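**Student:** Sequence plus predicted model, see below.
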Amino acid sequence: MGLSRFLPKRDSRLVRWGGHALLALALVYCGLAIARLGMDEVLASLPPQAWGIALGTGAAYGLALALLAFGWGGMAGETGAARLSLAEKLAIYAPGVIAKYIPGSVFQYGSRQLLGARFGLTHTAMLRASVTEAGLHLPAALLCAGALMAGAEAFGLAAIAALGVLLLAAGTGAAVRAAGFQLAFFALFALLAALLAGAALGAGEPFRLAGVFMLAWVAGFVVPVAPGGLGVRESVLLALAAPVEPVGATIVAFAVLSRFATSLGDTGFGLAGYGVLFARRSNRQASS
């Protein structure tokens with residue numbers, strides 16, 4: 001289902017080139033976010049394997065973002081004629097993940113509205129899905145943070161992920177399934193943060209540090225003026241982590257590496273979404 005079905009040809013070209021410009025702008029701001037990390041000192045102090053682990057966790061995080069796309073896409077396409085395939089959910093949702101780095105914190109949602117309309121979704125359904133998704137983010141992330149701060153560690157995260165699977169299996173509605181996807185995502189996200197803290201940096205209590213990270217993520221999410229939570233998340237992490245990790249250099253390195261890994265994952269996931277869009281367009285042109 002292409003854009004030409006909904007817009008005149010001239011407007012279709014304008015929207016397409018507008019999307020290209022948005023991608024370029026988002027990549028610029030994402031690159032600036034990484035550049036502002038000031039990684040020179042961290043680069044000098046960490047062994048190569050630490051950066052290898054950061055790359056691996058970033059890639060795994062990028063793959064995990066598909067869970068959020070499936071949850072949002074299920075809600076947005078629950079009613080009406082637009083039933084989305086997994087690839088279509090990625091094509092609509094993923095590009096906005098890069099767009100969140102553009103100042104203003106609205107471009108990721110605007111990207112979904114624009115791309116979703118191309119696949120027959122109504123703006124009302126998409127807006128409702130985005131509001132519900134945002135509302136689910138907070139309890140899911142805070143549940144993971146609470147479990148880790150209470151000492152539940154990997155067992156607690158496994159239990160949260162299992163609860164998510166149960167909600168998915170229940171299949172009582174798109175919002176319930178979205179909650180299941182979110183619980184699974186945030187449990188995996190927290191586990192990756194603990195892996196980064198422990199395996200890459202040798203933190204004494206990696207799971208508790210990951211719990212602090214989840215609290216910092218929530219702080220970055222609820223501050224609307226910070227693109228991608230940039231600066232807010234790191235500030236909260238540095239402020240709250242001292243009782244958990246006594247080595248200040250480890251906390252700073254964790255703040256830098258976690259931002260690096262998530263920015264890498266966001267970029268890879270977003271580009272994959274654009275790849276799906278371009279592949280679909282090429283296939284349509286080849287068959288026409």
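**Tutor:** Now that the structure is in, tell me what you want to look at.
**Student:** The helix or strand where Trp51 lies - contacts with which helices or strands?
**Tutor:** If you go by DSSP states H and E, Trp51 is part of helix 48-76. Packed against helix 48-76 by the contact rule (3 or more Cβ pairs under 8 Å, 6 or more residues apart in numbering; DSSP states H and E) you find helix 86-99, helix 107-118, helix 123-149, helix 174-195, helix 248-287. Any C-beta I mention is one placed from the backbone N, CA and C, and that applies to glycine too.
**Student:** I'd like to know which elements the shortest one is packed against.
**Tutor:** Packing contacts for helix 107-118, counted by 3+ Cβ pairs under 8 Å, 6+ apart, involve helix 9-35, helix 48-76, helix 86-99, helix 123-149.
**Student:** so which of those gets nearest Ala272?
**Tutor:** Among the helices and strands packed on helix 107-118, the nearest to Ala272 by Cβ to Cβ is helix 86-99 (5.9 Å).
**Student:** for the closest one, which positions count as buried?
**Tutor:** Of the residues in helix 86-99, 88-99 count as buried by neighbour count, 16 or more other Cβ atoms under 10 Å.
**Student:** for these, which one is nearest Val212?
**Tutor:** The closest of these to Val212 turns out to be Val97 (Cβ to Cβ; 23.6 Å).
**Student:** Give me the residue at the spatial middle of this structure.
**Tutor:** A centroid search over the chain (Cα atoms, centre = their mean) returns Leu65, at 5.1 Å, as the residue closest to the centre.
**Student:** what does stretch 68-78 rub up against?
**Tutor:** By Cβ atoms under 8 Å, 6 or more residues apart in numbering, the residues outside stretch 68-78 that reach it are 82-84, 86, 88-90, 92-94, 112, 116, 121, 125-126, 128-130, 132-133, 136, 173-175, 177-182, 185.
**Student:** For the stretch 51-200 of the chain, give me the ranges with low pLDDT.
**Tutor:** Scanning the stretch 51-200 of the chain for pLDDT under 70 picks out 79-82, 104-105.
**Student:** Out of the helices and strands packed on helix 48-76, the one nearest Met214 is which?
**Tutor:** Ranked by Cβ to Cβ, the member of the helices and strands packed on helix 48-76 that lies closest to Met214 is helix 123-149, at 3.7 Å.
**Student:** now stretch 58-72, how far from the chain's geometric center?
**Tutor:** Centroid displacement of stretch 58-72 relative to its chain, using Cα atoms, centre = their mean, to the nearest Å, is 6 Å.
**Student:** Grab the CA positions of it and hand them over as CSV.
**Tutor:** Taking Å, rounded to 0.1, in the frame of the first residue of the first chain, the C-alpha atoms of stretch 58-72 are listed here in CSV:
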residue,chain,number,x,y,z
GLY,A,58,24.1,-1.6,21.3
ALA,A,59,23.3,-4.1,18.5
ALA,A,60,21.2,-6.2,20.9
TYR,A,61,19.3,-3.1,22.1
GLY,A,62,18.6,-2.1,18.5
LEU,A,63,17.1,-5.6,17.8
ALA,A,64,15.1,-5.4,21.1
LEU,A,65,13.4,-2.1,19.9
ALA,A,66,11.4,-4.3,17.5
LEU,A,67,9.4,-5.4,20.5
LEU,A,68,8.2,-1.8,20.9
ALA,A,69,7.4,-1.5,17.2
PHE,A,70,5.3,-4.6,17.3
GLY,A,71,3.4,-3.4,20.4
TRP,A,72,2.7,0.1,18.9
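**Student:** What residues of it count as buried?
**Tutor:** For stretch 58-72, the neighbour count (16+ other Cβ under 10 Å) marks 58-62, 64-72 as buried.
**Student:** do stretch 119-135 as well
**Tutor:** For stretch 119-135, the buried set under the neighbour-count rule, 16+ other Cβ under 10 Å, comprises 119-122, 125-126, 128-130, 132-133.
**Student:** so how far is that stretch from its chain's centroid?
**Tutor:** Using Cα atoms, centre = their mean, the distance from the centre of stretch 119-135 to the centre of the chain it belongs to is 17 Å.
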